[in-house]
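**Student:** take a look and give me a structure for this.
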Amino acid sequence: MKITKLGHSCLVLNINGVKIIIDPGKYSLPQVEEKNVNIILITHEHTDHFHLESVQAIIKNNPLAEIITNASVGKILEKENIKYSIVKNGQKITSNNILIAGIGELHKQVYLSIPQVEDVGFLINKTFFYPGDALHKLDGEVDVVAFPVAGSWLKVSEVVDWLKELKPKVAIPVHDAILNENGKKAFLGNYQKLLANLKILELGKEEEF
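**Tutor:** Numbers count the residues shown, from 1 in each chain. Purely as a prediction, here's the structure:
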């Protein structure tokens, strides 16, 4: 499996020649240039994970790509006449010989009075887990996890405990475009001290796992 970070929470996976884009949001616009895309995964409707104009551009360049997401995002896509498939928590779907399982249902809560949107994480081929903006639980261990670094709904201690419970071989930080350079140094510095399995991806550089 090869992974490229395009920015914030947008990753490109290449698994045995199948190309997957995850969460093409407004802070990672290089995604619109991607070609030979087979699958687009969208965890939830927040614009830093789901930038409609980028999705339209990706589909224009890759008309055979299949979008897999949740019902809330699906309603937005329907209005634009964009086809999609839904995977819910506990469900599985196979696309281009890639097994994708839905994990979790809701975005992590910011505050009691703020409604939680749908958030489905994706477990891909039982080896790579992308939770979106949540800390969804998994049954069993996983090789690689992409985890959110910072957010209004997040504490470093929660993330570290969650990762220690998951026990991935590699932990890739994402959800970091909301931080300036000083913030990135501070947050990533904490994770480097606490996680021996941390792997920071250089933007635009493909890494093999």
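**Student:** can you give me the strands in the protein?
**Tutor:** Under the criterion DSSP state E, the chain carries strands at the ranges 2-7, 10-15, 18-22, 39-41, 66-69, 85-86, 92-95, 98-103, 121-124, 128-130, 144-148, 170-174, 207-208.
**Student:** name the residues of stretch 47-57 that are buried.
**Tutor:** For stretch 47-57, the neighbour count (16 or more other CB atoms under 10 Å) marks 48-52, 54-55, 57 as buried. C-beta coordinates here come from the backbone N, C-alpha and C atoms, glycine included.
**Student:** quick one: the residues you listed as a markdown table, columns for pLDDT and distance to residue 70 too.
**Tutor:** Listed next are those as a markdown table, based on pLDDT from 0 to 100; distance: CB to CB, whole Å:
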| residue | pLDDT | distance to residue 70 |
| --- | --- | --- |
| 48 | 97 | 16 |
| 49 | 98 | 11 |
| 50 | 98 | 10 |
| 51 | 98 | 16 |
| 52 | 98 | 15 |
| 54 | 98 | 18 |
| 55 | 98 | 14 |
| 57 | 98 | 21 |
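**Student:** in CSV, list the residues you listed along with distance to residue 121.
**Tutor:** Output for those, formatted as CSV (distance: CB to CB, whole Å):
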residue, distance to residue 121
48, 16
49, 12
50, 14
51, 19
52, 21
54, 21
55, 19
57, 25
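**Student:** picking up where we left off before, quick one: the strands of the chain as JSON lines, columns for distance to residue 191 and mean pLDDT too.
**Tutor:** Output for the strands of the chain, formatted as JSON lines (distance: least, CB to CB, whole Å; pLDDT from 0 to 100):
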{"stretch": "strand 2-7", "distance to residue 191": "15", "mean pLDDT": "98"}
{"stretch": "strand 10-15", "distance to residue 191": "17", "mean pLDDT": "98"}
{"stretch": "strand 18-22", "distance to residue 191": "20", "mean pLDDT": "98"}
{"stretch": "strand 39-41", "distance to residue 191": "24", "mean pLDDT": "98"}
{"stretch": "strand 66-69", "distance to residue 191": "28", "mean pLDDT": "98"}
{"stretch": "strand 85-86", "distance to residue 191": "33", "mean pLDDT": "98"}
{"stretch": "strand 92-95", "distance to residue 191": "31", "mean pLDDT": "98"}
{"stretch": "strand 98-103", "distance to residue 191": "22", "mean pLDDT": "98"}
{"stretch": "strand 121-124", "distance to residue 191": "19", "mean pLDDT": "98"}
{"stretch": "strand 128-130", "distance to residue 191": "17", "mean pLDDT": "98"}
{"stretch": "strand 144-148", "distance to residue 191": "9", "mean pLDDT": "98"}
{"stretch": "strand 170-174", "distance to residue 191": "6", "mean pLDDT": "98"}
{"stretch": "strand 207-208", "distance to residue 191": "17", "mean pLDDT": "97"}
